[in-house]
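Chemist: With the input below, show me the fold.
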Amino acid sequence: MGLGALALPMLVGQAGQVLMQMTDTLMVGRLGAVPLAACALAGNFLMFALYFAYGSLGAVSPRIAQAFGADDLAGAAAAGRAGLVLAGGVSLLVALTLSAVVPFLGFLGQPPEVVEVTGFYLTLLAWSMPGALISLVLGQTAEAVNQPWPVVAFSAGALLLNAVLNYVLIFGHAGFPALGLEGAGWATLVARTVQAAAMAGWIAKGKSMRRFAFFSGGLNPGLIRGLFRDGLPVAGQ
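Modeler: I've put the predicted structure just below:
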């Protein structure tokens with residue numbers, strides 16, 4: 001199998017998180033210039049955080065693939081569990097950092113009306129990061145053991161859920177109040193959390209993944225530290 005064929009599902013899966021932010025922007029644009037500007041301002045912070053976080057977790061997939069290639073299923077599972085713990089720690093750090101930025105948005109020279117509506121939306125995006133990064137590591141786990149296409153399906157499902165929730169919550173359909181930009185934030189938070197939970201359930205119980213027993217073993221603190229140490233230079237770049 002060629003490298004292109006191997007890379008295609010990974011490319012589609014990785015693009016999902018960025019496309020989710022793009023969906024928010026497209027749908028919020030119908031509300032007017034101020035919400036659109038707020039969405040773009042928050043999105044700049046989020047994209048920076050995502051790039052840093054993706055780099056921090058960049059060593060997880062190679063470590064799993066290395067163990068899988070050596071027919072060490074227990075080692076692959078241990079690396080996956082270590083990656084999940086690392087994803088939890090990095091996502092908490094990123095979420096707290098983004099939340100801490102909110103009180104200082106007014107110092108960026110943005111119009112006051114934009115700053116006023118950006119804060120809570122950015123906070124919601126910040127706390128969607130655990131779902132985003134857990135989904136990322138679970139996706140890396142599946143890709144590293146030759147199961148990439150289900151990751152694409154979960155990513156597509158999350159995008160669809162985000163779009164539907166945006167339509168319902170931003171504009172006030174199906175009995176929900178029109179929340180505007182705040183609705184887009186809730187939609188992203190829910191979609192990412194649901195994606196992470198669904199992928200965890202599949203990896204734990206899915207027929208193609210059950211034999212790896214990813215959630216059955218213990219944790220190796222040294223492995224967690226090693227993954228973070230290896231990923232940190234990538235995050236810095």
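
Chemist: so Pro111 sits right up against Ala37, yeah?
Modeler: Yes: counting by C-beta atoms under 8 Å, Pro111 touches Ala37, with 7.4 Å between them. C-beta here means a position set from N, CA and C on the backbone, and glycine is covered the same way.

Chemist: Looking at those two, which one has more neighbours?
Modeler: Ranked by neighbour count (other C-beta atoms under 10 Å), Pro111 and Ala37 place Ala37 first, with 18 against 11.

Chemist: what's the spacing between the more buried one and Gly119?
Modeler: 13 Å (C-beta to C-beta, to the nearest Å).

Chemist: Just give the closest residue to Arg211, not the sequence neighbours.
Modeler: Leu73 (7.0 Å; C-beta to C-beta, 6 or more residues apart in numbering).

Chemist: which intervals of the chain have sub-threshold pLDDT?
Modeler: The model of the chain has pLDDT under 70 over residues 1-2, 5-6, 8-10, 12-14, 16-17.

Chemist: Strands of that one, start to end?
Modeler: Ranges of strands within the chain: none, based on DSSP state E.

Chemist: Please, where are all the helices along this structure?
Modeler: Secondary structure of the chain (DSSP state H): helices at 3-28, 33-56, 60-69, 73-101, 112-126, 129-144, 149-171, 181-205, 221-236.

Chemist: Now tell me what touches stretch 98-106 from outside.
Modeler: When contacts are defined by C-beta atoms under 8 Å, 6 or more residues apart in numbering, stretch 98-106 is touched by residues 41, 45-46, 49, 112, 115, 118-119, 122-123, 125-127, 129.

Chemist: What are the buried residues along stretch 195-204?
Modeler: Residues of stretch 195-204 classed as buried by neighbour count (16 or more other C-beta atoms under 10 Å): Gln195, Ala196, Ala198, Met199, Ala200, Trp202, Ile203.

Chemist: Put together CSV for those, with distance to Leu189 on each row.
Modeler: Converted to CSV, the buried residues of stretch 195-204 look like this (distance: C-beta to C-beta, whole Å):
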residue, distance to Leu189
Gln195, 11
Ala196, 11
Ala198, 15
Met199, 16
Ala200, 17
Trp202, 21
Ile203, 22
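
Chemist: out of these, who's nearest Ala15?
Modeler: Gln195 (13.8 Å; C-beta to C-beta).

Chemist: Many thanks, I have nothing further to ask.
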